[in-house]
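K.L.:
Task: produce atomic coordinates for the following.
(chains A and B)
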Amino acid sequence: MDSQTKADPMRVLVTGGSGLVGKAIEHVVKQEGGCLEGEQWTFLSSKEANFVDLQQTRAVFEKYRPTHVIHLAAKVGGLYLHMKENLHFLRDNLRINDNVLQTSHERGVTKVVSCLSSCIFPDKTTYPIDESMIHNGPPHDSNFGYSHAKRMIDIQNRGYFAQHGRRYTAVIPTNVYGPYDNFNFENGHVLSALMHKTYAAKKEGTPLQVWGSGTPRRQFIYSLDVARLFLWVLREYDEIDPIILSVGEEEELPIKDAVEMIADALDFKGQIVFDTSKSDGQMKKTASNAKLRRYLPDFTFTPLSEGIKKTCDWFVNNYDIART
Amino acid sequence: MDSQTKAEPMRVLVTGGSGLVGKAIEHVVKQEGGCLEGEQWTFLSSKEANLVDLQQTRAVFEKYRPTHVIHLAAKVGGLYLHMKENLHFLRDNLRINDNVLQTSHERGVTKVVSCLSSCIFPDKTTYPIDESMIHNGPPHDSNFGYSHAKRMIDIQNRGYFAQHGRRYTAVIPTNVYGPYDNFNFENGHVLSALMHKTYAAKKEGTPLQVWGSGTPRRQFIYSLDVARLFLWVLREYDEIDPIILSVGEEEELPIKDAVEMIADALDFKGQIVFDTSKSDGQMKKTASNAKLRRYLPDFTFTPLSEGIKKTCDWFVNNYDIART
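P.N.:
Below is the predicted model:
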């Protein structure tokens, strides 16, 4: 039995609502007209419910009675944290995802859109990677725990459809950046950590120390673009198979190019040093956005230099509340 | 902290101890001198503890305080049951395995040997399959839920080793048959279900209806052989990576050849009909036992016709207690 009749507007629950993507979705919903008349949108943070715990998950679903769920909550981190705690990332994320998907199913949630990540793709593979290739080989060893837990969401979606007819699906963004990210030096994402490091190096008059060689290539997507696309997926995308949310392959660039854009945005004029004793992670993970382009040929992505500038400005203006 | 000092003999807990492989291990331990002096072996069944439940899992570990675990317990079934309930098989097995492995780790169990299955290998693959190929593509669609949960054991083993130094490992038997199997027509394994059908057809004077074309090829391994090898793995095999337990590739044969051996063993002289409207499952899943042979070049497998005869005799003599 579905918890939504045709007359009901959506009640959307966003797990992980206080994170990088969650905050971007909140912005689009509240500031860009992303919310339709009569809809209720709830942005949850882990303060309100710890999804590793089934009872807390059920309680928050009972409280908000969602018809739709955007499932972003996860234990996440940067490269170095994952390398140290693969088991922890595996177990906690398997638990969170099972709690959210099963509780959604039991309560008749019409649609759940979960969030995977391009880092879960096979490490040894041909390029570009597309949605059909997720399970075609082991992921990069550095975060195998997180990656396998995330891949499992796709299996769970297929299981809920095969056994119960639920149309639960997932998106696969490439490297996301934007306001409200984790800017911690060690545990943040690559661009957010670099923005913080550049800010600190400028303040202290020291060189900017970049971990790794700067040569790995990435496709960066601005969190607000991810959010706009997430809303389209929630409302319009009807497949069970996941969809990659990314700029095109031609937008892939080496990390050091992004470092220079960050230096420009923060007006950093000091020395930039690449510490090649630190791990690079994967050298490339080029993803194809052909499926997205078939659905949305005219979608315009925020240019990287513009998105970096906006994020750096946000970071400087909100340093006291940013996660550092 | 490990729960075993050098002076202590092993206390081995066998989960799923009342099943096909569990009963075979019990036979080897109690009747073939598989148990060394001072060792304690406990064979659990689901009556004693439902391992889907964490509290029951912890209680049974507290009761027996194992130093070693042979983890066989799982929700399992034949082809047709899996096709109907993939989600159920996924979720229950993920839960069982997490409960057993995590409880083992928390209590300092020295070694856990889990049981995977050759049905979890990639469906689209080159042959023969070996241990390095488990994650190289999606498993056959018919039991994707079960397969992904079983594959996850290998990831968990790697996680426990990477994060905690635990030497937990797994074996991968090909198609096992023997006494104490599930002989149910619908939910049993291929040979056990066929033995029961042949027995019933002989009794009722009806033709033997074989589901599928009989042309899929399999490597069958007798449960007592699996048990003898399991004990070697428990005591001697030191890798985290799993090991295939199988007869050689040259022993692979079409299911209809095994049907004829069953008919001989039960002296069935009626008509044999192949119902090709029923699914065949995978056409082949040829596994390499090269790794096993490097370790144990002289191990002798029970010939298939002999193992089938012994199993049929057991079934006829124990019809009242067999799982039908």
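K.L.:
Check the residue of the stretch 101-250 of chain A found nearest chain B and give its pLDDT.
P.N.:
Closest contact between the stretch 101-250 of chain A and chain B, by Cβ to the nearest Cβ, is at residue A:159 (3.4 Å). Quick note: C-beta positions are derived from backbone N, CA and C, even for glycine. You'll see residue A:159 listed with a pLDDT of 97.
K.L.:
Could you check how far it is from residue A:209?
P.N.:
Distance of residue A:159 to residue A:209, computed by Cβ to Cβ, to the nearest Å: 45 Å.
K.L.:
Show me the strands in the stretch 201-324 of chain A, by range?
P.N.:
Here the stretch 201-324 of chain A has its strands, by DSSP state E, counting those that start in this stretch, at A:208-211, A:217-218, A:220-222, A:243-245, A:253-254, A:272-275.
K.L.:
list the contacts for the residue nearest to residue A:312 when sequence neighbours are not counted?
P.N.:
Counting by Cβ to Cβ, 6 or more residues apart in numbering or on different chains, residue A:312 lies nearest to residue A:265, which is 4.1 Å off, once chain neighbours are set aside. Contact analysis of residue A:265 by Cβ atoms under 8 Å, 6 or more residues apart in numbering or on different chains lists A:195, A:305, A:308-309, A:312-313.
K.L.:
got those as CSV, with neighbour count and pLDDT columns?
P.N.:
Output for these, formatted as CSV (neighbours: other Cβ atoms under 10 Å in any protein chain shown; pLDDT from 0 to 100):
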residue, neighbour count, pLDDT
A:195, 27, 97
A:305, 15, 97
A:308, 26, 98
A:309, 16, 98
A:312, 24, 98
A:313, 13, 97
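K.L.:
Turn the residues you listed into a markdown table, columns for distance to residue A:12.
P.N.:
Converted to a markdown table, those look like this (distance: Cβ to Cβ, whole Å):
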| residue | distance to residue A:12 |
| --- | --- |
| A:195 | 30 |
| A:305 | 33 |
| A:308 | 30 |
| A:309 | 31 |
| A:312 | 30 |
| A:313 | 29 |
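K.L.:
Give me the subset of those residues lying in helices.
P.N.:
Among the contacts of residue A:265, DSSP state H puts A:195, A:305, A:308-309, A:312-313 in helices.
K.L.:
So the residue of the stretch 101-250 of chain A closest to chain B, which state does it fall into?
P.N.:
Under the three-state scheme (DSSP: H, G, I helix; E, B strand; the rest coil), residue A:159 adopts helix.
K.L.:
Can you tell me the closest non-neighbouring residue to it?
P.N.:
Once flanking residues are discounted, residue A:159 sits nearest to residue B:87: 3.4 Å by Cβ to Cβ, 6+ apart.
K.L.:
Pull the residues that contact stretch A:257-264.
P.N.:
Applying Cβ under 8 Å, 6+ apart, the contact partners of stretch A:257-264 are A:190-191, A:194-195, A:198, A:208, A:210, A:214, A:218, A:220, A:268-269, A:272, A:304-305, A:308, A:312.
K.L.:
got the residues of the stretch 151-300 of chain A near chain B?
P.N.:
A:152, A:155-156, A:158-160, A:162-164 (Cβ under 8 Å from any Cβ of the partner chain).
K.L.:
Please export the C-alpha coordinates of stretch A:278-296 as PDB.
P.N.:
Presented in PDB, the C-alpha positions along stretch A:278-296 are these (Å, rounded to 0.1, in the frame of the first residue of the first chain):
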ATOM      1  CA  LYS A 278      51.200  11.300  -0.300                       C
ATOM      2  CA  SER A 279      48.800   9.000  -2.100                       C
ATOM      3  CA  ASP A 280      47.200  10.200  -5.300                       C
ATOM      4  CA  GLY A 281      44.200   7.900  -5.100                       C
ATOM      5  CA  GLN A 282      42.900   7.000  -8.500                       C
ATOM      6  CA  MET A 283      44.600   8.600 -11.500                       C
ATOM      7  CA  LYS A 284      41.300   8.900 -13.400                       C
ATOM      8  CA  LYS A 285      37.700   7.800 -13.200                       C
ATOM      9  CA  THR A 286      36.300   9.400 -16.300                       C
ATOM     10  CA  ALA A 287      32.500   9.000 -16.400                       C
ATOM     11  CA  SER A 288      30.100   9.400 -19.300                       C
ATOM     12  CA  ASN A 289      27.100  11.700 -18.900                       C
ATOM     13  CA  ALA A 290      25.600  10.400 -22.100                       C
ATOM     14  CA  LYS A 291      22.500   9.000 -20.400                       C
ATOM     15  CA  LEU A 292      21.900  12.400 -18.600                       C
ATOM     16  CA  ARG A 293      22.300  14.200 -21.900                       C
ATOM     17  CA  ARG A 294      19.800  11.900 -23.600                       C
ATOM     18  CA  TYR A 295      17.200  13.000 -21.000                       C
ATOM     19  CA  LEU A 296      18.400  16.700 -20.600                       C
END
